[in-house]
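Undergrad: Show me the folded form of this:
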Amino acid sequence: MLFQHPSRSDVLTVAAYWLVATPFLVSGYVYEFGWMWGVAAMAYNIVLDTAAAYCVVFGLLPNIIAAQHWRRALTFLPLFLLASAVLYNGGYLLLIGEKASWTPLGLLTGLLRHTVSYGLLASLLTGKRYFEMQQRLMLVQKVQAENELRHLKAQIDPHFLFNNLNVLRGLIQQDPVAANEYLTHFAGLYRMLIRHKDEDFVSVGEELRFADEYIYLLRQRFGSAYEFRREVGEQLNLNRLLVVPGTLQLLVENAVKHNAGDEENPLQVIIEATATTLTVRHKRRPKLTPVDSTGTGLSNLRERYRLLFGRDILIVDTAAVFLVSVPVISPKQTWSASL
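TA: Presented below is the predicted three-dimensional model:
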C-alpha cells in the first residue's frame, strides 16, 4: 500500500493540535497517575495517536479512493484495527501498571477508545486536505478554461489557417500527391487537438506523435530553415510517461516564432525525452524584426504543471541558448499528485 508524504502545512497542523490539546490532557493524566506516569502516558498518547492519524489520512483514505489500490487498502484495514487495539490496550495499561484485557470485548473496547482518541486529529487533517484539494481543483479548472480558450483560438487562428492553406494551394497546383499527404497531416493535427482538449494528461508517445504532425507542417512552410532532432533514451516506454497535452506544440511554436532560420544555416531544435523530463532546446537566434508576444503561453504551461504535477518547469534563457524542460510522471503518480 502506498503512503503519501505529509506536507509542511500538515506537520504544522499536527504540531498546533498537540500544543493546544496537551495542556488539557496531561493535567488529567498527572492527576490520575502522578507526574512521572502522567507525562509518560501523554507522550505515548501523542506518538500513538499521531501514527494512527497518519495511517488513516495518508494511507488508508487515499488508497481506498484510488481505484487501483482500494483492494490493497481494505486488506490492510484489519491489520491496522488489530494493531490499534493492541497498542492502545498494551501501551497504556503497561504504563499505568494495570493488567491488559486481551479478550475480544477488551480489544474492541480498546479499539473504540483509541478511535475516539485520534479521531479528532484525523478529522482535522482530512478536513484541511479536502479544503486544500477543493482550492486546487478550482485553480485547475480556471487554468484549464484559459488553456482551452487558447487552444480554440489556435484552432481558428486566421493567420495559421491562411499560411497552411496557402501552402496547400501551392502543393495542389504543383504536386497533388504531396498535397494529399499535407492535408492528411493537417487533419491529423486538428484531430489530436480536439481529442485531447479536455484531458489533463497525455502520454509522451502521443505528445511526440502530435509534434510530428506539427513539425511536418512547419517543414512544408519553412523548408529546411529549421531542423528538428529527437533524442529519446533507450528502453524508454513513452506510452507509460505522462505530460500536459500541447506542451511540445507550444515550445516548438515559440522556437520558430522568435528565432530566425535559413536553409544554409538551419536553426537546430532538439526534443529530448528521458524518464523524468521532456525538454526542448535550441540556440538563441533572435529575428531581426521583434515578434509581439505577451508570454502568456509559457506562463500558462508553468501554472498547469505546478497545479497538476505539483512541480515547476525549468527555463534556461541565456544569450546563447534557450531551453525549457518539463517534468514527466508515470500513471501511478497521477492519483497522488492531485491530492
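
Undergrad: can you give me the helices in the stretch 151-300 of the chain?
TA: With DSSP state H, counting those that start in this stretch as the criterion, the stretch 151-300 of the chain has helices at 158-174, 176-196, 204-222, 247-258, 296-309.

Undergrad: Kindly export the third one (C-alpha atoms) in PDB.
TA: I take that to be helix 204-222. Extracted C-alpha coordinates of helix 204-222, given in PDB (Å, rounded to 0.1, in the frame of the first residue of the first chain):
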ATOM      1  CA  VAL A 204       4.800  11.300 -24.100                       C
ATOM      2  CA  GLY A 205       4.400   9.000 -27.100                       C
ATOM      3  CA  GLU A 206       1.200  10.700 -28.100                       C
ATOM      4  CA  GLU A 207       2.700  14.100 -27.500                       C
ATOM      5  CA  LEU A 208       5.600  13.200 -29.800                       C
ATOM      6  CA  ARG A 209       3.200  12.000 -32.500                       C
ATOM      7  CA  PHE A 210       1.300  15.300 -32.200                       C
ATOM      8  CA  ALA A 211       4.600  17.200 -32.500                       C
ATOM      9  CA  ASP A 212       5.500  15.200 -35.600                       C
ATOM     10  CA  GLU A 213       2.300  16.400 -37.300                       C
ATOM     11  CA  TYR A 214       3.000  20.000 -36.400                       C
ATOM     12  CA  ILE A 215       6.700  19.800 -37.400                       C
ATOM     13  CA  TYR A 216       5.600  18.300 -40.800                       C
ATOM     14  CA  LEU A 217       3.500  21.500 -41.500                       C
ATOM     15  CA  LEU A 218       6.400  23.700 -40.400                       C
ATOM     16  CA  ARG A 219       8.800  21.900 -42.800                       C
ATOM     17  CA  GLN A 220       6.400  22.400 -45.700                       C
ATOM     18  CA  ARG A 221       6.200  26.100 -44.900                       C
ATOM     19  CA  PHE A 222       9.800  26.900 -44.000                       C
END
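
Undergrad: For the stretch 201-339 of the chain, which residues score under the pLDDT cut-off?
TA: Along the stretch 201-339 of the chain, the model assigns pLDDT under 70 to residues 292-295, 332-339.

Undergrad: In this protein, what residue spans correspond to strands?
TA: 202-203, 226-232, 242-243, 267-273, 277-283, 314-317, 321-327 (DSSP state E).

Undergrad: now what about the first one, what contacts it?
TA: It stands for strand 202-203. Strand 202-203 is contacted from outside by 196, 210, 238-245, using Cβ atoms under 8 Å, 6 or more residues apart in numbering. For glycine as for every other residue, the C-beta is placed from the backbone atoms N, C-alpha and C.

Undergrad: which of those count as buried?
TA: In the contacts of strand 202-203, burial by neighbour count holds for 196, 210, 238, 241-245, counting by 16 or more other Cβ atoms under 10 Å.

Undergrad: Need those in TSV (columns: distance to H5).
TA: Listed next are these as TSV, based on distance: Cβ to Cβ, whole Å:
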residue	distance to H5
H196	30
F210	33
L238	28
L241	22
L242	20
V243	23
V244	23
P245	27
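
Undergrad: between those residues, which is closest to L82?
TA: Proximity of the buried ones among the contacts of strand 202-203 to L82 was ranked by Cβ to Cβ; the top entry is L242 with 37.8 Å.
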